[in-house]
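J.: My questions concern the predicted model and sequence given below.
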Amino acid sequence: MSGTLQLIRSQRPLVHAISNFVTANFCADILLAAGASPMMTDDAREAAEATQLADALYLNIGTLNDNSIRSMLLAGSAAKEKQIKIVFDPVGAGATQLRTKSAQKILAELQPEVVKGNLSEMLHLSGIKNVINRGVDAGSVSLKDDIIAETLKAFAKTHHCIAIATGRRDFVTDGEKVAVVHNGTPMLECVTGTGCALGALCAAAAATGKELFCLQLDAVLTMAIAGEIAITKISHNDCGTFKTYLLDAIGNLTDDDLNHRGKYEFLA
Amino acid sequence: MSGTLQLIRSQRPLVHAISNFVTANFCADILLAAGASPMMTDDAREAAEATQLADALYLNIGTLNDNSIRSMLLAGSAAKEKQIKIVFDPVGAGATQLRTKSAQKILAELQPEVVKGNLSEMLHLSGIKNVINRGVDAGSVSLKDDIIAETLKAFAKTHHCIAIATGRRDFVTDGEKVAVVHNGTPMLECVTGTGCALGALCAAAAATGKELFCLQLDAVLTMAIAGEIAITKISHNDCGTFKTYLLDAIGNLTDDDLNHRGKYEFLA
Amino acid sequence: MSGTLQLIRSQRPLVHAISNFVTANFCADILLAAGASPMMTDDAREAAEATQLADALYLNIGTLNDNSIRSMLLAGSAAKEKQIKIVFDPVGAGATQLRTKSAQKILAELQPEVVKGNLSEMLHLSGIKNVINRGVDAGSVSLKDDIIAETLKAFAKTHHCIAIATGRRDFVTDGEKVAVVHNGTPMLECVTGTGCALGALCAAAAATGKELFCLQLDAVLTMAIAGEIAITKISHNDCGTFKTYLLDAIGNLTDDDLNHRGKYEFLA
């Protein structure tokens, strides 16, 4: 037990997020609910200076543009200098060339400590090109778990990062061990930005400075279990109340909940 | 009965929305609740490529700028090439020259299959200049229904589109028939972005490929009836819970609901 | 009793907000809940023209960039010409040089009638440099109330404005009298954008044209008391439902509530 949630609440890390305008508000709300503190700026002229104040950097190319990519690279350099962790969410990698190339550039230049995408994005960045990618959706991926695991392990080794791929099951690997998380609910895909918000949580967790793999696994469990809790309170397809209760669940979740409810296994 | 909602849920159309940063999140949530899938990018470098992945294109000038207008024109061309439907929301047309001119440019260059605005925006674009327009509000419009209907019919004929004007009553016309919808609630105007979200629903409906007038009428009924359902669950001016329940209602609405609760008439 | 909320609801002022993409949606929802009407554009080409339609201007540098600062200056000039009030929220002043300088430029060139920031931002702009500023957070400020009051009074006198500093207690001063507000709840800091939304409320109140100090004090009381009402309806750390109920509370709050629940004192 790493006590990740308690660490976030006691340290209240400041997460600098250069993200997208669609989910920025939700990501900030999730960070606050978890006990962290958001900072969101995307002007290149202050990207580095803002990062110097932060405890972790979260980069997300959901609505990338020339200025935001420049800001991400400047912020990333500042993060490296300050030795704070970078979490990268390659939203839509594989969907357009601009996204794929921007993601590759960020991977190469900044070497983020954590890369979290949905399964199709992560497979695309791993060089598996025939994955169906429908925009920011996870799409239909029919690879077997062990092939996914091997692909992600190779990605994590190549990029010296924790690789996280979300989907029906979530995978977390440091290049050696691979955890497959069975928690969660499909309702998480009925709310915009739960993937982005998970990335923000990953950054908040990374900021606490404990063993990175455990912190990232806990971040994944946090979102998945919060979703499970929220879904018990709603009727069939209540997307609005689910979103509200998801924030409530994040706000009230404890490390004990993660320990007792977490369902994951390690693949060889 | 066209079964529009069932079609959206079974086809899960990908709607590429080049929209505005104020309501993007809500539009995405509404699309997900309805069973569609949102994609939101506004960089001109990927506008066309992203549109090639989509099943419909939604353009909204709520927070227009040079880059987003360029992206809309590029995405629109790609949509024409791929023969997917374009739904256009001329937010604030009539309020500033930039908006009026941008709207006219999009109408002329892209010939969107559906144009949906509030009544004052649609009348302005129809050449009726003395309408009171207060920003994005519907403003006070005191024209009689038959004059509104004739104006919108002429607009629809001129632009070869379905024209939709929202307000105390909603009008839907293909240039021949005009449906006036009596469903809805004033509370829909107390939540930011219900107009934008209706445009997104129109695009999701259009993507299903059935007879366009019926699909658009159903989209209008969907938002109006969802509002009626949400309002039964709240006290006086509970704007927050209304927004939440509106999403719930969209998520649970059926084509039967549209058939049983829809109140509209055709003007000669 | 100035009847501020009743004035807003009867006049329905149009507030032009050049703000930030993180909290724009929430600010618009709060304005609508309060009975005002939002307009949000940030393109410099329409900044002045849009402002000419408005009843008050709200400027917020939460996600400033070159274009938005230019728009703010153009909109500010138009506001001066039309003699409508400007409310300025110097988000993150002190956190980066770009923010501090942009804030100083706006103060000098536009002389906003109201400047509302969190305590650390307001102290930074008052020349007190050793305040701990963590991004957009209020940070830890350990000055005594009378020193804070004197500093804010001097700021208000220098800039000929109402100065508002939010925090554990909220301060409102016109350079002569200083009100300290004891209403509120720490949960307001667990929701993104309550500070920005307060700025929007200040602009809506200012638009009504009554005595400015009383209007601003009432705006501060409105957010604080709405927070108190929302918190009675939730369990421990229910951040999601708190946000929802906060909007409900704003929608239902009356001037009587402000009078009966308001807890504030005047410092000599």
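T.: Looks like it came in fine. Numbering: from 1, shown residues only, chains lettered A, B, ... in the order given.

J.: Return the longest helix in chain A, judged by number of residues.
T.: Assignment by DSSP state H gives helix A:212-231 as the longest helix of chain A.

J.: so how far is that one off the chain centroid?
T.: Relative to its chain's centre, helix A:212-231 lies at 11 Å (Cα atoms, centre = their mean, to the nearest Å).

J.: Over to stretch A:18-38?
T.: On Cα atoms, centre = their mean, the centre of stretch A:18-38 falls 12 Å from the chain's centre.

J.: Contacts only, for the closest residue to chain C within the stretch 151-268 of chain A.
T.: Across the stretch 151-268 of chain A, the shortest distance to chain C (Cβ to the nearest Cβ) belongs to A:Leu247, at 3.0 Å. Where you see a C-beta, it was placed from the backbone N, CA and C, and this is true even at glycine. If a contact means Cβ atoms under 8 Å, 6 or more residues apart in numbering or on different chains, then A:Leu247 has A:29-30, A:33, C:238-241, C:243 as its contacts.

J.: In terms of pLDDT, where does it sit?
T.: On pLDDT, A:Leu247 comes in at 98.

J.: secondary structure class for it?
T.: helix (DSSP: H, G, I helix; E, B strand; the rest coil).

J.: Check the spacing between the nearest residue to it once chain neighbours are set aside and C:Gly251 real quick.
T.: Spatial nearest neighbour of A:Leu247, excluding adjacent residues (Cβ to Cβ, 6 or more residues apart in numbering or on different chains): C:Gly240 at 3.0 Å. Here C:Gly240 is placed at a distance of 18 Å from C:Gly251 (Cβ to Cβ, to the nearest Å).

J.: What of A:Thr173?
T.: For A:Thr173 relative to C:Gly251 (Cβ to Cβ), the value is 48 Å.

J.: More neighbours: those two, which one.
T.: A:Thr173 (29 against 25; other Cβ atoms under 10 Å in any protein chain shown).

J.: Got the phi and psi for that one?
T.: Phi and psi for A:Thr173, reported as degrees, to the nearest 10, are phi -140, psi 150.

J.: got the contact list for the residue nearest to A:Gln216 when sequence neighbours are not counted?
T.: Of all residues not flanking A:Gln216 in the chain, A:Ile162 sits nearest, at 4.8 Å (Cβ to Cβ, 6+ apart). By Cβ under 8 Å, 6+ apart, the contact set of A:Ile162 is A:113-115, A:156, A:172-174, A:212-213, A:216.

J.: now swap in A:Gly195 and tell me
T.: Here A:Gly195 is in contact with A:89, A:91, A:118, A:136, A:166 (Cβ under 8 Å, 6+ apart).

J.: And what about it, helix, strand or coil?
T.: Going by three-state DSSP: A:Gly195 is helix.

J.: That one and C:Ile162: what is the separation?
T.: 42 Å.

J.: Helices of the stretch 1-150 of chain A, residue ranges please.
T.: A:4-11, A:24-34, A:44-53, A:66-82, A:97-110, A:119-125, A:145-159 (DSSP state H, counting those that start in this stretch).

J.: Tell me which of the ones you listed approaches C:Ile61 most closely.
T.: helix A:44-53 (10.6 Å; Cβ to Cβ).

J.: any bit of that closest one sitting next to chain B?
T.: No: judged by Cβ under 8 Å from any Cβ of the partner chain, helix A:44-53 stays clear of chain B, getting no closer than 15.3 Å.

J.: Rounded mean pLDDT for that helix, please.
T.: 97.

J.: Briefly note if that helix comes near chain C.
T.: Yes: using Cβ under 8 Å from any Cβ, helix A:44-53 reaches chain C at A:45-46, A:49-50, A:53.

J.: Of the residues you listed - the most surrounded one?
T.: Busiest of the residues of helix A:44-53 next to chain C [other Cβ under 10 Å] is A:Ala50, holding 28 neighbours.

J.: Quick check: that one touching A:Ser71?
T.: No: in this structure, A:Ala50 is not within contact of A:Ser71 by Cβ atoms under 8 Å, at 9.1 Å.

J.: Now the common contact residues for the two.
T.: A:Thr41.

J.: before we move on, back to that, filter the contacts of A:Ile162 down to the buried ones, PyMOL style.
T.: Buried residues among those (16 or more other Cβ atoms under 10 Å in any protein chain shown), as a PyMOL selection:
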select buried, chain A and resi 113+114+115+156+172+173+174+212+213+216
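
J.: Near chain C, which residues of chain A? Just list them.
T.: A:14, A:16, A:21, A:24-25, A:28-29, A:32-33, A:37-43, A:45-46, A:49-50, A:53-54, A:67, A:243-248, A:250-252.

J.: quick one, what contacts A:Met90?
T.: Quick fix: residue A:90 reads Pro, not Met. A:61, A:99, A:103, A:106-107, A:115, A:117, A:121-122, A:125.

J.: which residue sits closest to it, ignoring its sequence neighbours?
T.: A:Ala103 (3.8 Å).

J.: Tell me, how many residues neighbour the one you found?
T.: A:Ala103 has 25 nearby residues by other Cβ under 10 Å.

J.: For A:Ala219, see how far away A:Thr4 is.
T.: From A:Thr4 to A:Ala219 the distance is 7 Å (Cβ to Cβ).

J.: out of those two, which sits in the busier spot?
T.: A:Ala219 (30 against 25).

J.: Tell me the confidence at that one?
T.: Looking at A:Ala219, the pLDDT reads 98.
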